[in-house]
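K.L.:
Everything below, folded, please.
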Amino acid sequence: MISTAIRLVRVGSRSELAAAALIGLGYPCVMLAALLPSIPLFAAAAAVTYAADWYLHHRRSYLVNRLSKVRVGLPIRFLLRQLLLVLLLAREALAQTPLFYTAVAGFLLLYALSAPHGALATLIRMRRIMPVITRNVDLQKIRIPDAPPKALLHRSGEKMLHLDIPAMAGVLTAAASGRNAIGYTGVAVTVGLGLLYTVVLAPYLLSRRVPPAATVLKAVSDWLLEYRPTVALYFSGSDESAYQVNMWLETLEQIDGRPLIIMRERELVPRLNPTAVPVLCVPGGMHMMNLSLSTVRVALYPANVGKNIHILRAPTMKHVFIGHGDSDKLASVNPFSKVYDEVWTAGRAGRDRYALADVGVRDEDIVEVGRPQLAPIRAGAGSPKHPVPTILYAPTWEGWDDNPGNTSLLLAGENIVRRLLAADPPVRLVYKPHPFTGIRNKKAKAVHERITAMVKAAAAERRADARWSSEAAEAKADQDRARAELVAIKAELADLATPGRSGGDEAEESRVSLSDPVRLARIKQLRADWNDAYWRSTGWWEHRIVTGDEPKLYDCFNEADAMVSDISSVVSDFMASGKPYAVTDSAGLGVEEFQRQNTAARAAVVLSNGAAELDALLTAVAAPERDPLADARRELRDYLLGPDRPTSLERFNSAVRTLQAAAEARNRAVEQRADEQSRGRPQPGGAYRAAEPSGAGAQLAR
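P.N.:
Okay, here's the model as predicted:
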């Protein structure tokens with residue numbers, strides 16, 4: 001029932017639900033107290049609404065946005081409370097007293113000050129916005145001043161509104177005690193603080209503005225001419241899609257040439273993992289198309305999105321779709337992929353997938369490069385890592401349509417979890433849902449919440465079970481040490497997360513975030529230490545729910561002895577471990593048809609929505625010698641991911657070098673034809689063909 005209420009109110013936790021309930025009850029109580037009248041009830045109810053409002057804003061609850069959309073946003077709620085205080089004074093027969101007029105005048109003055117205060121805060125923020133956000137790019141040639149103190153601008157409108165508290169408290173105290181001086185003092189403090197807050201902001205309007213857009217863009221262009229990038233990873237997407245670019249960072253750091261990351265959304269930059277690769281975030285389409293990328297020869301695209309057109313239009317570079325995973329989903333054979341010069345797949349399966357789909361991607365345009373991101377995945381040892389096997393359940397999300405085959409969560413998720421929690425001999429369940437789960441389908445979110453509740457209840461039951469008490473007693477000391485390590489590591493990572501001083505904005509961070517090999521190496525080591533401590537912080541028999549960025553999916557792969565998932569790149573990636581896995585036929589196609597349509601399922605235990613087939617997976621984990629699919633997994637691994645030698649990184653690098661050479665050859669040919677034409681010897685096909693060579697030229701370049 002509480003979960004249903006949380007979904008309806010659109011809050012993220014029980015505490016937020018409680019705060020929402022206090023707001024819903026508090027304002028009627030304030031109104032009732034004003035009408036009765038009752039000063040003690042008014043003071044108590046008003047204090048509750050202040051506290052609940054502050055908590056919801058502090059938690060950044062979505063309910064705050066919903067209230068604004070139905071015209072009861074924060075300014076309205078503050079104004080309502082102040083009007084009810086005026087009503088209370090009138091009901092207390094104080095309408096003709098100086099206290100009444102002072103209160104009204106004080107609130108009016110506070111709102112009068114809110115206009116210039118809001119305008120100043122907005123202008124200061126706008127004048128701190130640069131057309132380009134950078135990381136690891138030297139912008140020392142232009143002066144980017146430090147950001148104004150964060151305390152002045154962070155939630156400034158909310159802070160200005162809260163300055164009415166001294167007036168509210170003073171007037172209520174005066175009305176209750178008859179000591180009007182207290183009320184006058186409270187109003188004076190409110191007006192004085194509002195005036196002071198406004199005056200303090202004013203100097204930052206000019207002193208902390210960043211250089212004009214033209215100056216910043218010129219500095220970026222100069223840096224590009226000096227750095228001369230050769231390979232660019234281009235990415236655009238939603239906040240939740242940052243993982244699609246993060247998965248390529250280590251590969252970019254190791255490729256030959258001079259890599260560059262180009263992003264399009266400001267909100268994505270803070271979600272980018274620390275990297276030594278230079279980053280340019282260019283939100284504006286006009287700025288993006290005018291960016292000097294004349295030295296880039298290969299552009300890599302992890303996602304098919306509309307904004308790709310802003311760089312696809314450049315004929316001087318070769319364009320490659322690399323994707324963010326390799327699976328049998330329709331997204332892996334998107335017809336849009338034919339706009340690229342090449343499509344890089346992990347193994348032979350990707351090539352065959354495009355041939356079967358017949359969406360216009362030619363076989364000669366496909367290059368098999370493996371999956372260099374899979375290097376951190378360790379191969380299975382052939383037997384469970386701990387006395388209790390660990391089974392990872394990693395369902396994908398519901399997708400953009402209602403195809404029942406998108407995710408096992410809706411029809412099979414609870415059955416899978418229920419059977420794993422009740423398995424005999426026992427197993428440990430690690431549940432890691434896709435980060436997009438529930439963003440489109442409320443039913444998927446509801447199932448996820450029920451599964452979470454099931455896992456938490458089973459974990460609590462197991463902790464109380466006498467069978468594990470001796471194990472828990474022996475492991476307690478090590479677990480306590482691991483938890484202490486997690487706290488220390490998290491604190492150090494927080495210090496290292498953002499270079500420069502704390503409280504800087506994106507403009508200041510662009511100035512100070514130059515690559516520091518020592519810092520990046522330390523962060524990498526700390527993340528490895530954090531992952532080790534995370535798994536040691538609880539018993540190897542305890543069920544876990546893993547959400548958020550850490551631990552990463554591949555870390556969960558290394559901890560698990562087997563996996564249950566859906567048709568997605570998760571399955572193909574897990575295959576690098578060689579461990580048993582199961583895939584759910586949520587659409588009810590039947591084993592034979594399901595495996596025919598989905599390559600990655602051909603070495604899997606195929607589950608129906610009832611998940612009765614899980615016993616076969618658990619048997620393969622407990623007794624590897626009785627695993628009938630081991631050989632099939634090895635063969636399928638090579639088919640999906642390519643051979644072990646040469647390594648995936650070597651193949652990826654080779655593909656980059658080959659395409660760079662093709663781009664150079666194409667550009668030289670174009671220049672030669674243009675030069676011959678300028679000397680009065682036009683080539684067959686005219687200027688248009690010189691600018692855009694077609695089939696034969698492109699084939700020759702390849």
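
K.L.:
In three-state terms, how would the spatially most central residue of the chain be classified?
P.N.:
For the chain, the residue nearest the mean C-alpha position is E240 (3.6 Å; CA atoms, centre = their mean). Following DSSP: H, G, I helix; E, B strand; the rest coil, E240 is assigned to helix.

K.L.:
so it makes contact with F436?
P.N.:
Yes. Between E240 and F436 a contact is recorded at 5.7 Å, counting by CB atoms under 8 Å. From N, CA and C alone the C-beta is placed, and that goes for glycine too.

K.L.:
Can you tell me how far P376 is from G500?
P.N.:
When CB to CB, to the nearest Å is the yardstick, P376 and G500 sit 30 Å from each other.

K.L.:
Which parts of the stretch 201-350 of the chain are helices?
P.N.:
Ranges of helices in the stretch 201-350 of the chain, per DSSP state H, counting those that start in this stretch, are 204-207, 213-227, 243-246, 249-254, 285-289, 309-312, 348-357.

K.L.:
for the residue nearest to the centre of the chain, what are its contacts?
P.N.:
By CB atoms under 8 Å, 6 or more residues apart in numbering, the residues touching E240 are 435-436, 439.

K.L.:
Now E593: which helix or strand?
P.N.:
Here E593, judged by DSSP states H and E, is contained in helix 591-597.

K.L.:
now swap in G399 and tell me
P.N.:
Of the helices and strands defined by DSSP H and E, none includes G399.

K.L.:
Confirm that D675 sits in a helix.
P.N.:
Yes. Looking at D675 with three-state DSSP, it is inside a helix.

K.L.:
Only the buried residues of stretch 626-634, if you could.
P.N.:
For stretch 626-634, a neighbour-count test (16 or more other CB atoms under 10 Å) marks 627, 629-630, 633 as buried.

K.L.:
shaky segments in the chain?
P.N.:
Applying pLDDT under 70 to the chain flags residues 1-12, 328, 681-702.

K.L.:
switch to 80 and redo it
P.N.:
Along the chain, the model assigns pLDDT under 80 to residues 1-13, 62, 240, 325-332, 400-405, 466-474, 497-503, 549, 680-702.

K.L.:
What ranges does the protein have for its strands?
P.N.:
Counting by DSSP state E, the chain has strands at residues 133-135, 231-235, 259-263, 279-281, 298-301, 318-321, 342-345, 366-368, 390-394, 428-431, 544-545, 562-565, 581-584, 605-607.

K.L.:
List the strands paired with the shortest one, with their directions.
P.N.:
Under the criterion DSSP bridges, strand 544-545 sits next to strand 428-431 (parallel) in its sheet.

K.L.:
who's in contact with the strand it pairs with?
P.N.:
Residues outside strand 428-431 that contact it (CB under 8 Å, 6+ apart) are 386, 388-393, 417, 420-421, 451-452, 455, 458, 540-546, 556, 559-560.

K.L.:
re earlier: so which of the helices of the stretch 201-350 of the chain gets nearest R135?
P.N.:
For R135, the closest of the helices of the stretch 201-350 of the chain is helix 249-254, at 11.2 Å, according to CB to CB.

K.L.:
nearest spatial neighbour of P278, skipping sequence neighbours?
P.N.:
Excluding its sequence neighbours, the residue lying closest to P278 (CB to CB, 6 or more residues apart in numbering) is N136, at 4.4 Å.

K.L.:
any idea how far P75 is from A20?
P.N.:
Taking CB to CB as the criterion, P75 is separated from A20 by 19 Å.

K.L.:
hang on, the earlier thing: deepest of the helices of the stretch 201-350 of the chain, which one?
P.N.:
Most buried of the helices of the stretch 201-350 of the chain by mean neighbour count (mean count of other CB atoms under 10 Å) is helix 243-246; its value is a mean of 20.

K.L.:
Can you tell me which helices and strands it packs against?
P.N.:
With contacts taken as 3 or more CB pairs under 8 Å, 6 or more residues apart in numbering; DSSP states H and E, helix 243-246 sits against strand 231-235.

K.L.:
Paired strands for the strand it packs on, with orientation please.
P.N.:
strand 259-263 (parallel), strand 298-301 (parallel).

K.L.:
check contacts around L636.
P.N.:
L636 is in contact with 575, 599-600, 602-603, counting by CB under 8 Å, 6+ apart.

K.L.:
scratch that, W468 is what I was asking about
P.N.:
462, 539, 541.

K.L.:
Pull the number of nearby residues for the closest residue to the last one other than its chain neighbours.
P.N.:
The one in question is W541. Spatial nearest neighbour of W541, excluding adjacent residues (CB to CB, 6+ apart): V388 at 4.6 Å. The local packing of V388 (other CB atoms under 10 Å) involves 20 other residues.

K.L.:
Could you do the one 4 residues further on as well?
P.N.:
Applying other CB under 10 Å, we find 25 other residues in the vicinity of L392.

K.L.:
Would you mind confirming that it makes contact with P433?
P.N.:
No. Counting by CB under 8 Å, L392 does not reach P433; the two are 11.3 Å apart.

K.L.:
that older thread, any of the contacts of E240 buried? List them.
P.N.:
435-436.

K.L.:
Save the contacts of E240 as TSV, and put in distance to A175 too.
P.N.:
Listed next are those as TSV, based on distance: CB to CB, whole Å:
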residue	distance to A175
P435	52
F436	53
I439	49
